[in-house]
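Engineer: Sharing a model prediction with you, sequence too.
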Amino acid sequence: MELNKLPIVAIIGRPNVGKSTLFNRLIQRREAIVDDQPGITRDRKLANAEWQNQHFMLMDTGGYIPKTQDVIEAGVTEQVHLAVDEAELILFMVDAKTGITDVDGAVAELLRKSAKPNLLIVNKADNTQREMDIHEFYRLGLGDPIPISASLGRGIGDLLSEIVAALRNRLGENPDVPEDSIKLAIVGRPNAGKSTFVNLMAGQNRILVTEVPGTTRDAVDVKISYGNQDYVLIDTAGLRRRTRIKENVEYYSTLRTQRVVESCDIACVFIDAAETIAQQDMHVIRQATIARKGIILVINKWDLVKDDPEKVNEWQDILTQKLQGILYIPVLKISCKSGFQVKDVMKMAAEVAKERRQRISSPALNRLIEKINRQMQHPSVKGKRVRVIFGTQVSSNPPVFAFFCNYPHLIKPEYQRFIENQIRQQFGFQGVPLTLTFKRK
């Protein structure tokens, strides 16, 4: 299976049946906001999930409220329709406490019309008696109800086994690429030159390239070797025209880009030099940062501006403004059309991958901490002297550091950034987001 095509499993249902609780339970971390107030989840969230070495993408959605007059609720309902369009498997969640409602019936009708594979999940079956009372949900006509308690973890293993069985051949197990390959996601807005770059590197017209933005209809994995290093170039998809898209182009774009970013080692964000760094580009950079992926910013079509001093200065101002706080991201200026510095992208990708795998020894890190303590100690907080005592790198690829302090909860964000900057000055980590944790000694 191609790396960027892990199947999507979407959780849908009416408000307050426990969708976000189940989402957090299945991905084994708290990512979606959980609250008793209906409608807390307004946007879809997407995260990797895994069961018995089988991988898929799990999507949380807002509560389905048909025929609502509320603008936000109507938007959430539309997003649920979009999730059903995009997902390979639907988890339809209902509530064992309240039984079947009219909204449940509306969702069941939506699923029958979609003909999408689905599992009927009866949540809040917190005990044996409630599990025995789920027979009424057969009335929805969606097969055997699966009783669970998302909050207690009851029945979750069985549910995951059902998900894996339902997905069958859509699962992403052991993709057919060399283990040490660098997975490079080529992301960016339409017509920024992504497919042209992939074709140049592959040495063939692997992907249809025209002057019309959005020509690429599906994401494509291209395996290449460059400088004794294997790569998988993941070119992000354009948008398939669907009857329901209308103003929801941003949804599909964000969804597919997030899937690609989640599956890559390094996100290579392409920008058109004739334009600027847009909010959508910064959103992709934030996604890659949150996912702790390597990041490279590539300004393509540089041949259009490189001989214009005013444009060059304008771009320098744009970079200074937009990359404030993330100056560790390398910026490359290339032209896919002329070939100008195109191969620098592959060289930089290899360097960022190396930096991402870098591991700093504890003695070297603690010598730096001693130097930091001499140069700039943390200011006292309410009369308490805050001190970082020692640290260690707990993992690499991506790199995570743990620092032990006397008062970790008092460490100020600006001091954390100072420590991160000192680590970068001393050890590099170009293009690599760092995770710093502070614990009590």
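Structural biologist: The structure has been received and is ready for your questions. No experiment lies behind these values; they were computed from the predicted model shown. Residues are numbered from 1 along each chain as shown.
Engineer: domain assignment for this structure?
Structural biologist: Split into domains by automatic domain parsing, the chain comes to 3-170, 182-357, 362-440.
Engineer: May I see those arranged in CSV, with mean neighbour count and mean pLDDT as well?
Structural biologist: Quick note: C-beta positions are derived from backbone N, CA and C, even for glycine. What follows is these, written out as CSV (neighbours: other C-beta atoms under 10 Å; pLDDT from 0 to 100):
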stretch, mean neighbour count, mean pLDDT
domain 3-170, 18, 77
domain 182-357, 18, 80
domain 362-440, 15, 93
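Engineer: where along the stretch 301-441 of the chain do the helices fall?
Structural biologist: Using DSSP state H, counting those that start in this stretch, the helices of the stretch 301-441 of the chain run over residues 309-322, 343-357, 362-375, 413-427.
Engineer: can you list the ones you listed in JSON lines and add distance to R440?
Structural biologist: Listed next are those as JSON lines, based on distance: least, C-beta to C-beta, whole Å:
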{"stretch": "helix 309-322", "distance to R440": "37"}
{"stretch": "helix 343-357", "distance to R440": "29"}
{"stretch": "helix 362-375", "distance to R440": "16"}
{"stretch": "helix 413-427", "distance to R440": "16"}
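Engineer: For my notes, confirm I100 occurs in a helix.
Structural biologist: No - assigned with DSSP: H, G, I helix; E, B strand; the rest coil, I100 falls outside any helix and is coil.
Engineer: Return the distance of S380 relative to L410.
Structural biologist: Distance of S380 to L410, computed by C-beta to C-beta, to the nearest Å: 9 Å.
Engineer: anything in contact with each of those two?
Structural biologist: Common contact partners of S380 and L410 (C-beta atoms under 8 Å, 6 or more residues apart in numbering): V386.
Engineer: which helices and strands sit right next to the helix or strand hosting V284?
Structural biologist: Assigned by DSSP states H and E, V284 belongs to helix 279-290. The helices and strands touching helix 279-290, judged by 3 or more C-beta pairs under 8 Å, 6 or more residues apart in numbering; DSSP states H and E, are strand 182-188, helix 249-263, strand 266-272, strand 294-300.
Engineer: Show me what the third one is in contact with.
Structural biologist: Okay, so that is strand 266-272. Against strand 266-272 from outside (C-beta under 8 Å, 6+ apart): 182-189, 191-194, 197, 260-261, 277, 281, 284-285, 287-288, 293-301, 345, 349, 352-353, 356, 431.
Engineer: and with 6 Å instead?
Structural biologist: By C-beta atoms under 6 Å, 6 or more residues apart in numbering, the surrounding residues in contact with strand 266-272 are 184-188, 192-194, 261, 277, 284, 288, 293-301, 349, 352.
Engineer: One more: stretch 325-333?
Structural biologist: Taking C-beta under 6 Å, 6+ apart as the rule, stretch 325-333 contacts 295-299, 302, 344-345, 348, 424, 430-431.
Engineer: The helix holding V284: how far from the chain's middle?
Structural biologist: 10 Å (C-alpha atoms, centre = their mean, to the nearest Å).
Engineer: for stretch 328-335, same thing?
Structural biologist: Distance of stretch 328-335 from the chain centroid (C-alpha atoms, centre = their mean) equals 22 Å.
Engineer: go on, stretch 10-27?
Structural biologist: The answer for stretch 10-27 is 18 Å, by C-alpha atoms, centre = their mean.
Engineer: Next: stretch 261-275.
Structural biologist: Averaged C-alpha coordinates place stretch 261-275 at 13 Å from its chain's average position (C-alpha atoms, centre = their mean).
Engineer: Restrict it to CA atoms and write it as CSV.
Structural biologist: Taking C-alpha atoms only, stretch 261-275 is exported to CSV below (Å, rounded to 0.1, in the frame of the first residue of the first chain):
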residue,chain,number,x,y,z
VAL,A,261,2.2,14.9,6.4
GLU,A,262,1.3,12.2,8.9
SER,A,263,3.0,9.5,6.7
CYS,A,264,6.2,11.3,5.8
ASP,A,265,9.6,11.9,7.4
ILE,A,266,10.1,15.4,5.9
ALA,A,267,7.5,17.8,4.6
CYS,A,268,8.8,19.8,1.6
VAL,A,269,6.6,22.9,1.3
PHE,A,270,6.6,24.4,-2.2
ILE,A,271,5.8,28.1,-2.7
ASP,A,272,5.4,29.9,-6.0
ALA,A,273,7.9,32.8,-6.1
ALA,A,274,5.4,34.9,-8.1
GLU,A,275,3.0,34.8,-5.1
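Engineer: From I295, how far off is V284?
Structural biologist: As defined by C-beta to C-beta, V284 lies at a distance of 9 Å from I295.
Engineer: In contact with the residue lying closest to M201 once chain neighbours are set aside, which residues?
Structural biologist: Nearest residue to M201, sequence neighbours excluded (C-beta to C-beta, 6 or more residues apart in numbering): I224, at 5.6 Å. Counting by C-beta under 6 Å, 6+ apart, I224 makes contact with 201-202, 231.
Engineer: Alright, I will stop here.
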